[in-house]
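[1] kindly return the folded structure for what I paste below:
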Amino acid sequence: MSKKISALIVAAGRGTRAGAGLPKQYRPLGGVPVLRHTLQALLAHDAVRDIQVVIHPDDVPLYDAATAGLSRLRPPVFGGKNRSESVLNGLEALANDAPEIVLIHDAARPFLPPEIIDSLLLALGDAPGALPALQVVDALWHGEDGAAKAPRNREGLHRAQTPQAFDFATILKAHHSATAPADDDVALAIQQGLNVAIVEGDERNYKLTTPQDFARAERETMIDIRTGNGFDVHAFTEGNAVILCGLKIPHTHALLGHSDADVAMHTITDALFGALAEGDIGQWFPPSEAEWKGAASDIFLLKAVERVAARGFAITHIDCTIICEAPKIGPHAAAMRAEIARLTGIDLDRVSVKATTSEKLGFTGRGEGIAAMATATLVKL
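    Residues are numbered from 1 along each chain as shown. Below you'll find the model as predicted:
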C-alpha cells in the first residue's frame, strides 16, 4: 500500500532581494503567480496527497487569488518570525491528519521536475530524510572587498535544493526538540542526529531570489511558438517536367511561373514568412523584378530560413500537402522530404510532404495545374 505523502510550502517570507513590489511568491511569472506555478508542479505528481501552505498574515487576499480553483490544498496557516517557526506551524497543521512523509518545499522554486520527487521518495527507504543537491563544479574563492583572496576546496560540497523529504513523525519531533533556528530542515535534522541522504538535484529547480532570476524565469516561461500557413497555385504549361520541393519530376506538362514555379517550395516559404509575420514570397521576391525570372526556388526558401534564424527562432516542423491529379507524388515524397530537411537544416522526421487529389473537382481536378498548402511551426530559442 502506498504511503500518505503531503507537501508543505513555505511562503511566508518577504523576498526583499527580489526588489521592490509584491512578495516574490505572488509576483506574476508568465502572467501566473509564482506560488501557483509551484503548487501546480507538486500537484502534478500523483504521489502528493495534499499540500499545506504557510503564508504571511498580510497575504491572505494574494494567496486566495493565487490558488483559486486548485484542489488538494489544506487551509493555509500563518508563519512565524523565522523559517523554522514557519515550518513548525505547517507541520503542526498537517498533524491533524498526519501524512507518513512530508516534502518541505520553497514557494520560490516553481520549476520542480517530478523526477526529483521520485528520487527523494526512493531515498527515504534507507534514511529518515533526503534532499536534492547539485555538486559544486566551479572553483571556489574566498573574497574580501571585491578581491579574490584564497581558494577553497570544493571537494564534497553541494548546492542544496528543495523539496527536502522526511519521515513526518521524525521531522516533527526534531522541530519540537530544536533549541535554536536552523537555516533549513536538513540542518535542523542533522543537529538532532538524523541521517539525511543526498539525491541528484536538477539545474531547472532553481530558486527565484534576485531580479535576474525573475528575468531568466520569464524567458523560460514565455515560450514563443509561432505557426504560419502558406498556399500557392501554378497552372500547367508546355513542358515535360515539373519541379516540386526542388525535385524535377517527369510529366506531360511543366508549371508556369516567373521563377521555376516550384509550387510546393513556394508555399513552404510563405508559411515560414507568415510565422514571422514578415509578409510573403512576392514581397521579398517581386515577380516584376527580372532577376528572379527562372530562379530556383531554393533561393526563396533559404532567405526565409535565414530570416527565421535572424529573428532568434528555430524551425520545429513543416507540413506540406500537394494537391493534384498528376503527377503521382507518393513515389517522390521521401526525396522531397529529404530535400526540404536539407535546405531548412531540420531533422527529416520534422518534415512532412504528402499529396491528395480534389476528386476531379476544380482546376486541379481538371488537370489545369497544381496547388499546395503548408504549415510551419517555429519556436523562440
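[2] any chance you could map the strands in the stretch 101-250 of the chain?
    Secondary structure of the stretch 101-250 of the chain by DSSP state E, counting those that start in this stretch: the strands cover 101-106, 129-135, 140-144, 147-152, 158-160, 164-167, 196-200, 225-238, 241-244, 247-250.
[3] pick the most buried one from those.
    The highest average neighbour count among the strands of the stretch 101-250 of the chain, using mean count of other C-beta atoms under 10 Å, belongs to strand 164-167 at a mean of 27. Using the backbone N, CA and C atoms, a C-beta is placed for each residue, glycine as well.
[4] out of the helices and strands in this structure, which is least certain?
    In the chain, no helix or strand scores lower on mean pLDDT, DSSP states H and E than helix 211-221, which sits at a mean of 85.
[5] name the residues that touch that one?
    Residues from elsewhere that reach helix 211-221 (C-beta atoms under 8 Å, 6 or more residues apart in numbering): 18-19, 24, 27, 29-30, 37, 110-111, 206-208.
[6] and of the residues you listed, the nearest to residue 344?
    residue 30 (29.0 Å; C-beta to C-beta).
[7] the closest one: how many residues sit nearby?
    By other C-beta atoms under 10 Å, the residues close to residue 30 number 13.
[8] same deal with residue 323?
    21.
[9] how about residue 283?
    9.
[10] in a strand, that's where it is, yeah?
    No. Assignment of residue 283 by DSSP: H, G, I helix; E, B strand; the rest coil gives helix, placing it outside any strand.
[11] quick one, which of the strands of the stretch 101-250 of the chain is nearest to residue 287?
    Here strand 225-238 is closest among the strands of the stretch 101-250 of the chain (C-beta to C-beta), at 12.0 Å.
[12] hmm, who's touching that closest one?
    In contact with strand 225-238 (C-beta under 8 Å, 6+ apart) are residues 253-257, 261, 263, 266-276, 313, 363, 367-380.
[13] give me that answer again for 7 Å
    With contact meaning C-beta atoms under 7 Å, 6 or more residues apart in numbering, strand 225-238 is reached by 253-257, 261, 263, 266-276, 313, 368-379.
[14] for the contacts of helix 211-221, which two are the farthest from each other?
    Checking these with C-beta to C-beta, the most distant pair is 19 and 111, at 20.0 Å.
[15] and those two? which has more neighbours close in?
    Between residue 19 and residue 111, counting by other C-beta under 10 Å, residue 111 is the more crowded of the two (18 against 11).
[16] give me the distance between the closest residue to that one other than its chain neighbours and residue 217.
    Nearest non-adjacent residue to residue 111, counting by C-beta to C-beta, 6 or more residues apart in numbering: residue 204, 4.8 Å away. Distance from residue 204 to residue 217, counting by C-beta to C-beta, to the nearest Å: 11 Å.
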